[in-house]
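K.L.:
build the 3D model from these lines:
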Amino acid sequence: MFNTIIRFSLNNRLAVIAAAVFLAAAGFVCMRKMPVDVLPDLNRPRVVVMAESPGMAPEEVETLVTLPLETYLNGAAGVVALRSSSTVGLSMLTIEFGWGNDPLRCRQIVEERLQMAAELLPPGVTAQMAPMASMMGQIMYLTLWDETGDISPMELRTLADWTVRPRILSIAGVSEVLVIGGDRKEYQVLADLKAMYQFGITFDAIKEALEGSSRNVTGGFLTGTGPNELLVRTIGRIDDYRQLNDLVVGPENDPPVRLSQVARIAAQPAVKVGTSGVYRKNEDGSVISRPSVVLVIEKQTDTDTRRLSKQIRVARNDKTAAKEVDMLNRLKEHLEAGKLAISFETQDEDEEAYFKEYNLLTAKPVIFAANVAEDDM
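P.N.:
Below you'll find the predicted structure:
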């Protein structure tokens, strides 16, 4: 056998050399295209399910949410392990499948089981799957802070939520971008109890009026207007949250009661649990420590970490992602002057850059809140 191989190789030297060169070139090309990761993914295919139940204690979450989900998910095809955790207002389940299962098929199986278990969950509680990512998928930390201290944490958080995060999510291979820190902006309706009692307005009336506001209603179309059809609709969507002051909350009163008569609308930060900060040591030995907004970037499974990191670093300088409307003049000046800093921390190097673009969306959902007037304290 070996003599035959040796004899064939000696008699066909050019063919053997050409085959060796071809195989070496093909191997080099395949090596360049192979995904590169710092650590291999040693986890079995898994799906994470989360269900939020605000206001419930851990015992109620375990009994009313976690147990029904475990009952249906335990019998799914291919499941080899199931772990659950019940905390205040949150149920989290991790379903692991056997080696060799397709992650997309695993998510389809879990989705079918969640639809079956939906009827057993309390009203208002919905279980949903987390984005498809591995346990080692956190490839980059992005820190956003103000070097001058003039920009508020709420402005930083708004910039991170509505500009930086959508731009990074548009990159192929990014599974999720978690935003931590800062003050999340809310449009709060602060009710005045004395005015409500005077006009006979209840909290339910204010809530129903807010839920039914800021929407457009269609009414079909008009015919007989020539070759074109005219669309009939009522424009009710607001462009500024201050327009809610004219919202009617007591139509049965004479005259009707407007929201501005019984409540005050303000853009304030939401209740925050926890915070984040930046700590950096300069070349001269000085230390910078101040509040910041941190974005945790997670990649999808079977994604080249090195290539994805390069795409994210290129996206930070994208000049087309931020050309929207109504940015605060003070924040715009800081951004254009390069005083708003973003640092990138990756698995292979640390960088610092400046994000000079801006983009704020003003059409955000209204969040209902009640507050006792200061005169009542």
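
K.L.:
quick one: the helices in the stretch 201-350 of the chain?
P.N.:
203-211, 259-262, 305-315, 329-336 (DSSP state H, counting those that start in this stretch).

K.L.:
which one of these lies nearest to Leu10?
P.N.:
Of all these, helix 305-315 sits nearest to Leu10, with 43.7 Å by CB to CB. Every residue, glycine included, has its C-beta placed from N, CA and C.

K.L.:
name the helices or strands packed onto the closest one?
P.N.:
If you count contacts as 3 or more CB pairs under 8 Å, 6 or more residues apart in numbering; DSSP states H and E, helix 305-315 packs onto strand 138-146, helix 165-169, strand 293-299, strand 340-346.

K.L.:
also compute the angle for that helix relative to strand 138-146, please.
P.N.:
Using axes from the mean of the first three to the mean of the last three CA atoms, to 10 degrees, the inter-axis angle of helix 305-315 relative to strand 138-146 is 20 degrees.

K.L.:
mean confidence (pLDDT) on helix 305-315, please.
P.N.:
Averaged over helix 305-315, pLDDT sits at 76.

K.L.:
between strand 293-299 and that helix, find me the angle.
P.N.:
Counting by the same axes, to 10 degrees, helix 305-315 points 140 degrees away from the direction of strand 293-299.

K.L.:
my read: Pro103 touches Thr301, true?
P.N.:
Yes - with contact defined as CB atoms under 8 Å, Pro103 counts as touching Thr301 (6.0 Å).

K.L.:
can you check which residues contact both of the two?
P.N.:
Met132 (CB atoms under 8 Å, 6 or more residues apart in numbering).

K.L.:
tell me the most buried of the helices of the stretch 201-350 of the chain?
P.N.:
Highest mean neighbour count among these (mean count of other CB atoms under 10 Å): helix 259-262, with a mean of 19.

K.L.:
may I see the helices of the stretch 201-350 of the chain arranged in CSV, with distance to Leu230 as well?
P.N.:
What follows is the helices of the stretch 201-350 of the chain, written out as CSV (distance: least, CB to CB, whole Å):
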stretch, distance to Leu230
helix 203-211, 30
helix 259-262, 33
helix 305-315, 43
helix 329-336, 40
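
K.L.:
which one, of the helices and strands packed on helix 305-315, ends up nearest to Leu120?
P.N.:
Closest among the helices and strands packed on helix 305-315, using CB to CB: strand 293-299, at 30.4 Å.

K.L.:
who does that closest one pair up with?
P.N.:
Sheet pairing for strand 293-299, assigned by DSSP bridges, gives strand 138-146 (antiparallel), strand 174-181 (antiparallel).

K.L.:
buried set for the first one?
P.N.:
Within strand 138-146, the residues that count as buried by 16 or more other CB atoms under 10 Å are 138-140, 142-146.

K.L.:
one more: stretch 99-109?
P.N.:
In stretch 99-109, counting by 16+ other CB under 10 Å, buried: 101, 103, 106-107, 109.

K.L.:
tell me how far Ala77 lies from Ser289.
P.N.:
Using CB to CB, to the nearest Å, Ala77 is found at 51 Å from Ser289.

K.L.:
same deal with Phe203?
P.N.:
Distance from Phe203 to Ser289, by CB to CB: 42 Å.

K.L.:
quick check: which element contains Val49?
P.N.:
For Val49, the element it lies in under DSSP states H and E is strand 46-52.

K.L.:
now that strand: mean pLDDT?
P.N.:
Here strand 46-52 scores 90 as its mean pLDDT.

K.L.:
again, but for stretch 3-12
P.N.:
84.

K.L.:
and what of stretch 111-120?
P.N.:
88.

K.L.:
dump the C-alpha coordinates for that stretch into PDB.
P.N.:
C-alpha atoms of stretch 111-120 as PDB (Å, rounded to 0.1, in the frame of the first residue of the first chain):
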ATOM      1  CA  GLU A 111     -42.200  29.600  22.400                       C
ATOM      2  CA  GLU A 112     -44.800  26.900  21.800                       C
ATOM      3  CA  ARG A 113     -44.700  26.000  25.500                       C
ATOM      4  CA  LEU A 114     -45.000  29.600  26.600                       C
ATOM      5  CA  GLN A 115     -48.200  30.000  24.600                       C
ATOM      6  CA  MET A 116     -49.700  27.000  26.300                       C
ATOM      7  CA  ALA A 117     -48.700  28.300  29.800                       C
ATOM      8  CA  ALA A 118     -50.000  31.900  29.100                       C
ATOM      9  CA  GLU A 119     -53.500  31.100  30.300                       C
ATOM     10  CA  LEU A 120     -52.200  30.000  33.700                       C
END
